[in-house]
Structures are given as C-alpha cells and as structure tokens.
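K.L.:
give me a 3D structure for the following:
(3 chains, ligands or ions: 3)
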Amino acid sequence: MIAVDLAPGIVPDRDAVVALESTIITHGMPYPQNVETARRVEDQIHKTGAVPATIAVMDGRLKIGLTDPELEALAQARDVAKLSRADLAACMARGGTGATTVSATMIAAAHAGIAVFATGGIGGVHRGAEQSFDISADLTELAQTPVTVVGAGAKAILDLPKTLEVLETNGVPVIAYGQDALPAFWSRDSGLPAPLRADSAAEIAQMHLARQALGLPGGQLVANPIPASTEIPREVIDPIISQALAEAEAEAQGISGKSVTPFLLQRIFELTEGRSLEANIALVLNNARLAAEIALELQTKTR
Amino acid sequence: MIAVDLAPGIVPDRDAVVALESTIITHGMPYPQNVETARRVEDQIHKTGAVPATIAVMDGRLKIGLTDPELEALAQARDVAKLSRADLAACMARGGTGATTVSATMIAAAHAGIAVFATGGIGGVHRGAEQSFDISADLTELAQTPVTVVGAGAKAILDLPKTLEVLETNGVPVIAYGQDALPAFWSRDSGLPAPLRADSAAEIAQMHLARQALGLPGGQLVANPIPASTEIPREVIDPIISQALAEAEAEAQGISGKSVTPFLLQRIFELTEGRSLEANIALVLNNARLAAEIALELQTKTR
Amino acid sequence: MIAVDLAPGIVPDRDAVVALESTIITHGMPYPQNVETARRVEDQIHKTGAVPATIAVMDGRLKIGLTDPELEALAQARDVAKLSRADLAACMARGGTGATTVSATMIAAAHAGIAVFATGGIGGVHRGAEQSFDISADLTELAQTPVTVVGAGAKAILDLPKTLEVLETNGVPVIAYGQDALPAFWSRDSGLPAPLRADSAAEIAQMHLARQALGLPGGQLVANPIPASTEIPREVIDPIISQALAEAEAEAQGISGKSVTPFLLQRIFELTEGRSLEANIALVLNNARLAAEIALELQTKTR
Ligand SMILES: [Mn+2]
Ligand SMILES: [Mn+2]
Ligand SMILES: [Mn+2]
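P.N.:
Ligands and ions are numbered 1, 2, ... in the order given. Model prediction:
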C-alpha cells in the first residue's frame, strides 16, 4: 500500500542512526546553500560516528535517508509541500513530494525504528495563541511518538512560557543540555528555567530507555544551547523579534496565518544582517553532533 | 462483560459498511420526521451499493446497525442520553439507552471494524472558547480513532478558524471534497481554505489506507459541501447565526452551557423558516452517498 | 533497564489493590504528621479488606507499595522531586528519589496492573489559564491511562468549570458519588452538576470494566464528596480562596508559576485556622475507603 525506502547502508537495528528533517532544505534557505548545509549536517553526524537519515517524501515514497542525487533533487524542487502528521499520508497516497516538519519526521523515524532526531528548533505555541489557538502539531507529536528530539529549544518567535506549559500538560520531558536555563534558539538563555537538565549524552540515552521500559508512548525534547561563539544574545535578538512582530501587525494587507512565520524569519534575517541564518546553521550542526552522541550511547546500551 | 450486537446482514470484514450516528434521530428532529429521515439516509447508502449501520446503545447493548423496530423504538424514546467518549461505557454498564454523537459513533465503528462514518457536521471549538474552554470531544476523537468521517464541515455556529487550528494541532487531515474551500455546513464555502482537497472517493480511500499503513491512530475528516440547490449561502446564514447568538446572550435567564446549541439551532430554524432543517437533511443524504462510495473503494482496494 | 519493586504481599492479579500517591507525604504536610496520615490511609484500606500500595521512586527504583521503613525514610527525606509523566522516567534513569503526583501514580499503577487509585483531589485548569495555559498533566493522564481515580473532585483553588470542559474534551468520565453535584474538595457541592453519577462501588466497577471491554485507553474520575461532618461549606471557603488568590497577586515580589499553589494552600490553612488540613485528611480517608470498595468489586467481578 505504501512505500518506505531505507537508503543503502542504513540499518536502524544495527547502526546509530540520526533522523533529519527536510523542511530546512526546502523552506529554510535558498539553493545551493540549502544542499551545502544539508551535507554539512550529514557530515557532522558521520564524523561523530553515527549514520544520518534525512527524511522526505519523494514521488509518494517515504525516504528514510536520501542518496546524494535525491538530496540534490529535493534541494532544487519547487512548491514542495511541508508535511506534518495531518498530511504525510495524503502526500504519499497521491504520489506527491514533500518535506517533513518535526512531527512528520518523528513519525517516519519511529516507523523506521530510529530513536534520535536532530533539528533546529521545534514549533510551539504561537504568540497570541490565547486568541488564535495556533499551536504547532510538534507538541502533540512529542506526546505520542517515542523519539528523542534534539533542538535548540523552541523557536524564539514563539511564546516560550506557554510552550513549556503545553509540553508539561502533554507530559513531555524538556531537558536542557549542560545548563539549568532553557535555551531560546538563537540565544543560549531564554530567561526561563528548564524542567530537566542533563549533562551527558549517556544520561539522555538512559532517560530514553527508561521511558521505553515504562511503556511511555511519547518522546523527549533535548534543548541544546547554541554554541556561545555564534549565539545572538537575548538582549540583542529580543528587540529585533519585537520589531518584526510589530511590522507583521502593521502591514497594510496584514500578515496572518501561515505567512507570519516566514515573514518574521525573513525580517529577522535582514535586521541581523544575516547573523540569524549563520546562527541557525551553527546550532543545527551542534544539535546533529549531540544527537549522534545520543544515538551512539543508545546503540551501546542496547546491544 | 459488554454486549455488542451486529445487526443481521452486516459483516464489516466483507461488506462496504457505513456507520451512522443516532443523535440526529433522538435530538435532531421530532417524530416521525426523524425516523423517516433516518430511513432515507439508510436507503441512500443501500442505493449506492453499501450497507448502513446506525449506531446506538439500547438497554445497555451497543447496537451496530438497528433493525426497523429498533429504529422505530429509538425514534419514539424519550429522555435518551447523548453519548460521547466520556459516557458511552457508563451507559452500557448500567443498561441504559443512548444516542451516539460523533465521538461515540467513531468508537463503536472502530470497535466493529467499520472504517467510514457519515454524519451532518462535526462538533468543534465553540465561539468564546478562549474564555469558556468549550471544545467538542469530536476533535480529540478524530486524533485517535481510525475512522474516515464524512460531514459538511464543522457546524457553522462554531468558531471555524479555531476548529481548524485544533484539528491541525491534533494532526487530523481535513479534506475538502471537490473544492479548495472548507465548506461551512449550510453553506458551500466558509471563506477559509481547506488544508487538503480530494476529488474522488478513490483518492480519499487511498489516504485512509496510507494512514493505516503508517500506523497512524487517528481518523480523517472529509468536508463535503452541501449540494448547491439546497445551500443557504454564507451572506444569508451568517447574519442569522449572529442574531441567534446575540439573542442567546440577551436572554433574561441567560442561555449557557449545553443549552446554547439547541437554542441556536431552534432559532436558526425559525429565522430561516425551516430552510435550515431542509438543508440539514439534504447534506446528510449527500454525505451518506459519498461515505458509501468511499466504503466501496476501500472494499475494492483491500480485497 | 528499570527496576520496579512490588512490596512483599502485593499481588495485583490476585488482590484488591489500591494505589496511593506519595506527594501528599513529601509535600502535603510536615513530619511526623505526614507519616502518621499515610499509615492511617493504608490502615483504612486494610480495614476495608483491600491492599494499599503507596507509589514512589526511591534511589531510582519504582516502588509499588512501600515497606514501613521505606515510608518512614520517604517521610523524612528532603528536597524530594515531585514526579509527573514528564519526569518519572528521568528520575528513575538517574537513580533519584521522587514522590509521585496523580499522573505518575496512574502510570505506575497501570504498569503494575492496579486498577484503582485513591488521592485527595486531582489537578486541573488553573485560574487564569486562558492567559497562562497552566493546565495540569493529570487531565491528560486521565485521557490515556486506564485507572479509576477516586478524589474529592479537583482542587477548589482551580477553575472548576474549565476543568470540567477539558475533561469532557479529553473524553474522561467524571462520576459524582451518591449525589448529582460535583464536589469541590473541601466542600460537598461545587455548584456545578457532575456529568455522571454513581451510587455504589459496584456500579463504578461495572463502568470501569465496560471501558476496558470497549478498549478505551483512559481512566475515570470518581468525585467523592468529603464527609459532611468535616466539610468546609462553599460559602465559607470561597471567600477565603478569593482572599488567598488576591494576596498572591498583591505580593511585592509576585507569587507566580509553581509557587502559587503552595502559597495558596498555606494561606488557606492559616485563614481556616487549620480546618483545611483536617478536612484534607478526612477526605483522603474517605476516598481510600471508597477506592478499596471499588477494588473489591473489581476483584469479585473478574475472578
Ligand atoms: Mn499552526
Ligand atoms: Mn462542550
Ligand atoms: Mn502547571
């Protein structure tokens, strides 16, 4: 009925595999920067001793790992759908091509037996959600799919206190790596305490296995602070986020719904003179390395 | 412990079965119009080549398909409970009689191995839910029970933008049938784009099977626009809904909680001089036919 | 990978076992009152003919039932973590010690095959949650873990109407015991009607088994009114709760987040001159007895 293709050389039961999402390729940056970054992230995982598996739907087939020509093709494709839990199966059923967001990547990883997934940052509760009810499906996915997701926290354009509340309501562990504070994507410190802290990949792997042994269905979020050398401190980025939000509201035509996030990210890129994108790349590489270390620990502990 | 009765002649593994809810019989219209409508809906499914199974709890037994005398008895019964996920089992445990709403009908259908269910429209986020937190259990059910539900969208007295947001957060596919716009129950166009679109019953069946193959636990909502000949266009019905809402608020005793929806539907019936009920019957018949076509496609594709 | 210790003499498949949470011991009252109360609650269950199993994590081991020395040790321990779904596994993975809240106790009970759990009252939607999004993980747990939880309703410092709405959205049966009104922890009557009512332990056990037979994954909440002799009537406690809430808001430093609930409970203790704690102990004993009766009914009906 459906086609799931494991890329050559990926054996989830044997290898330390790290899943990667593909919206960063199709919607995160222009060609060829997107394919170069994707290769750097895969290389980072290889160098750490693990195996990367970028997830996407191509011509209706769920790809667990992309070959080099597939990666190149996806990076140049146009009008690629962004897939989440609600539309992953629909895209496959009609033979379409789509890039996976956090929720669809988690589903694909779990389906293929991959326990760890590296991304930039997860979605969450949007600012103004008390009126709009706009809450990312990523938070629901973390409640039900047993994958350890390594990100630099939730995206800082979101409402972080409300995002933490929903994660708590959903029973999702939020683990800051190596510090007490929750990171905030471009900044190392959100100003909010993280519910949990871990100081090694081994500890995170133990938590993953303990959840599995208890039969808990959901995943855990590892919030890995961006490297200090590339962070944009909170006192710099916060006024920029506020300005971008104010501009979105002031737009004559009104920026609303799904076009708000791309507008905000573009304005933050411009207002930081490109630093936001550099930081984004640095934090993804950093998350890929930690995810690889966790996958290696899981491999050791379960063999 | 519990009794589940399959009506004579219904074999879910063999037949193309369409589940039907029973609150439309007990709470939707007066006797004998309710039993006549129920029979017309069942006939529509028979004529399309599928088998109807109206769901209800009678004397503690979960009925999957009602015989003609049972349908007649339910249509004349008084003080019948409206059952959702929270109270279906309680009603069975105490030997009671109850009509199933969307969530309980989905549970019963999935329990009996029935994949498709036709209804009028689903529940959703109530207007004012940002203060009242009043959100239908239907939205939670769609997230977890693998049934394809064919309705004319969510009921138009609800807050449709928020309903779409919650469905997205819950990972539920919302598929407009044959058009890009989300229908709005009495009207063909809500003014909101639908997240997904399908143009044939075969395509919807494929999506259902792809979700099943991926192991996704939830269902999908097919939003089937009311036939053009019977629709009440948005510019006509919207002011009427607003008036009914204003009247509910202005009532001396105050209409609140569970009595708001019946009050609104009654006032809309009066203000449209009965057209709202005619439209309701027409859209249910329309949904029954599409649901039967989907069930037949599923039967073909899985045999 | 993880260690789960059944205390000597507890055989969930054979005995009528009642799970008990442990935050009431570590965070509910000072030593030695806490250990005395815990023993009285266990005695109440023994006297009714059932077997108590207090749940906690000690040195990384999930304890299903505490021996007397373990109970004593937990009652004197300091800085014990409060564990919910999000951090239960993390505490076990790192060999820590923690007291279980409602959600973690339900998980442990279900894991050990225990169907009934007695507590004081569950968490719910916090007042102001329309802005803070602060909603207890207990409500999510009840939606997914098949344990019958006996409490005196949700804690009265919460927003009870919103708590009922979320429970309905989540498909959780809320069953008032022996009356139509939802109890409100310290008071027998919240002023809100309960969605369901049961008048005997046997009836509640039937509902539990009917849910199980239908394959419904969640639990049910039995809201057991505090004994009349020890209740603090609503007209007495409501102004006190309002005063405590006003004081929390007026505090110079501002009481916020997780420190609000302990502050409120302490102020209510002071303002009622200790009656709130006496009432709390009385209602827990009352819940323990009803839970034991339900466990005995379940034992009878399934043997
Ligand atoms: Mn959204
Ligand atoms: Mn409601
Ligand atoms: Mn909270």
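K.L.:
contacts for the helix or strand encompassing A:L164, please.
P.N.:
Following DSSP states H and E, one finds A:L164 within helix A:160-169. Contact with helix A:160-169 is made by A:124-125, A:129-130, A:135, A:139, A:142, A:153-154, A:174, A:182, A:184, A:190, A:192, A:195, A:221, C:84, C:86, C:132-137, C:139-140, as judged by Cβ atoms under 8 Å, 6 or more residues apart in numbering or on different chains. All C-beta atoms are positioned from the backbone trio N, CA, C, and that covers glycine.
K.L.:
tell me who's in contact with the residue in the stretch 1-150 of chain A that chain C sits nearest to.
P.N.:
Proximity of the stretch 1-150 of chain A to chain C (Cβ to the nearest Cβ) peaks at A:E130, 5.8 Å away. A:E130 makes contact with A:162, B:130, C:130-131, C:133, according to Cβ under 8 Å, 6+ apart.
K.L.:
just the ones in strands from those residues, please.
P.N.:
Counting by DSSP state E, no part of those is found in strands.
K.L.:
closest one of those to C:E235?
P.N.:
C:E130 (26.2 Å; Cβ to Cβ).
K.L.:
gap between that closest one and C:K162?
P.N.:
Look at C:E130 and C:K162: by Cβ to Cβ, to the nearest Å, they are 8 Å apart.
K.L.:
now stretch A:154-167: how far from the chain's centre is it?
P.N.:
Chain-centre distance of stretch A:154-167: 14 Å, with Cα atoms, centre = their mean, to the nearest Å.
K.L.:
any idea of the mean pLDDT in it?
P.N.:
Here stretch A:154-167 scores 96 as its mean pLDDT.
K.L.:
would you put the C-alpha positions of that stretch in PDB?
P.N.:
Output in PDB follows, covering the C-alpha atoms of stretch A:154-167 (Å, rounded to 0.1, in the frame of the first residue of the first chain):
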ATOM      1  CA  ALA A 154      11.500  26.100  20.600                       C
ATOM      2  CA  LYS A 155      11.800  28.800  18.000                       C
ATOM      3  CA  ALA A 156      12.200  32.200  19.800                       C
ATOM      4  CA  ILE A 157       9.500  33.900  17.800                       C
ATOM      5  CA  LEU A 158       7.000  31.700  19.700                       C
ATOM      6  CA  ASP A 159       5.500  32.200  23.200                       C
ATOM      7  CA  LEU A 160       8.000  30.200  25.200                       C
ATOM      8  CA  PRO A 161       6.300  30.200  28.600                       C
ATOM      9  CA  LYS A 162       3.100  28.900  27.000                       C
ATOM     10  CA  THR A 163       5.100  26.300  25.000                       C
ATOM     11  CA  LEU A 164       6.600  25.000  28.200                       C
ATOM     12  CA  GLU A 165       3.100  24.800  29.800                       C
ATOM     13  CA  VAL A 166       1.700  22.800  26.900                       C
ATOM     14  CA  LEU A 167       4.600  20.400  27.000                       C
END
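K.L.:
give the residue spans of the stretch 151-300 of chain A that score low on pLDDT.
P.N.:
A:252-254 (pLDDT under 70).
K.L.:
all the helices of it, residue numbers only.
P.N.:
Assigned by DSSP state H, counting those that start in this stretch, the helices in the stretch 151-300 of chain A fall at A:160-169, A:201-214, A:234-250, A:260-271, A:275-302.
K.L.:
need those helices in TSV (columns: mean neighbour count).
P.N.:
Listed next are those as TSV, based on neighbours: other Cβ atoms under 10 Å in any protein chain shown:
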stretch	mean neighbour count
helix A:160-169	23
helix A:201-214	22
helix A:234-250	15
helix A:260-271	17
helix A:275-302	22
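K.L.:
regarding chain A, what is its longest strand?
P.N.:
In chain A, taking DSSP E as the definition, the longest strand is strand A:51-58.
K.L.:
tell me the angle that strand makes with helix A:275-302.
P.N.:
Orientation of strand A:51-58 against helix A:275-302 (axes from the mean of the first three to the mean of the last three Cα atoms, to 10 degrees) gives an angle of 120 degrees.
K.L.:
can you tell if strand A:51-58 touches chain B?
P.N.:
No. Using Cβ under 8 Å from any Cβ of the partner chain, strand A:51-58 never reaches chain B; the gap is at least 10.5 Å.
K.L.:
who touches stretch A:34-41?
P.N.:
A:20, A:24-26, A:28-29, A:52, A:54, A:71-72, A:75-76, A:118, A:281, A:284-285, A:288.
K.L.:
which bits of the stretch 51-200 of chain A sit near chain C?
P.N.:
Checking the stretch 51-200 of chain A against chain C by Cβ under 8 Å from any Cβ, the hits are A:125, A:129-130, A:143, A:161-162, A:165-175, A:195-196.
K.L.:
quick one on the thing from earlier: mind checking which of the contacts of helix A:160-169 land in strands?
P.N.:
Reading strands off the contacts of helix A:160-169 with DSSP E, I get A:174, A:221.
K.L.:
in PyMOL, how would I select the buried members of the contacts of helix A:160-169?
P.N.:
Restricted to buried positions by 16 or more other Cβ atoms under 10 Å in any protein chain shown, the PyMOL selection for the contacts of helix A:160-169 reads:
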select buried, (chain A and resi 124+125+129+130+135+139+142+153+154+174+182+184+190+192+195+221) or (chain C and resi 84+86+132+133+134+135+136+137+139+140)
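K.L.:
and the residue of the stretch 101-250 of chain A closest to chain B?
P.N.:
Taking Cβ to the nearest Cβ, the stretch 101-250 of chain A has A:F133 as its residue nearest chain B, at 4.1 Å.
K.L.:
mind telling me which residue of chain A is nearest chain B?
P.N.:
In chain A, the residue that lies nearest chain B is A:R85 (3.1 Å; Cβ to the nearest Cβ).
K.L.:
if we can go back for a sec, surely the residue of the stretch 101-250 of chain A closest to chain B and B:F133 touch.
P.N.:
No. With contact defined as Cβ atoms under 8 Å, A:F133 does not count as touching B:F133 (11.1 Å).
K.L.:
picking up where we left off before, out of the helices of the stretch 151-300 of chain A, nearest to A:T100?
P.N.:
Nearest of the helices of the stretch 151-300 of chain A to A:T100, taken as Cβ to Cβ: helix A:275-302 at 15.0 Å.
K.L.:
near chain B, which residues of the stretch 101-250 of chain A show up?
P.N.:
For the stretch 101-250 of chain A, the residues in contact with chain B (Cβ under 8 Å from any Cβ) are A:103, A:107, A:111, A:130-137, A:139-141.
K.L.:
okay if I get those residues as JSON lines plus pLDDT?
P.N.:
Below are these laid out as JSON lines (pLDDT from 0 to 100):
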{"residue": "A:S103", "pLDDT": "98"}
{"residue": "A:I107", "pLDDT": "98"}
{"residue": "A:H111", "pLDDT": "97"}
{"residue": "A:E130", "pLDDT": "97"}
{"residue": "A:Q131", "pLDDT": "97"}
{"residue": "A:S132", "pLDDT": "96"}
{"residue": "A:F133", "pLDDT": "97"}
{"residue": "A:D134", "pLDDT": "97"}
{"residue": "A:I135", "pLDDT": "97"}
{"residue": "A:S136", "pLDDT": "97"}
{"residue": "A:A137", "pLDDT": "97"}
{"residue": "A:L139", "pLDDT": "98"}
{"residue": "A:T140", "pLDDT": "98"}
{"residue": "A:E141", "pLDDT": "98"}
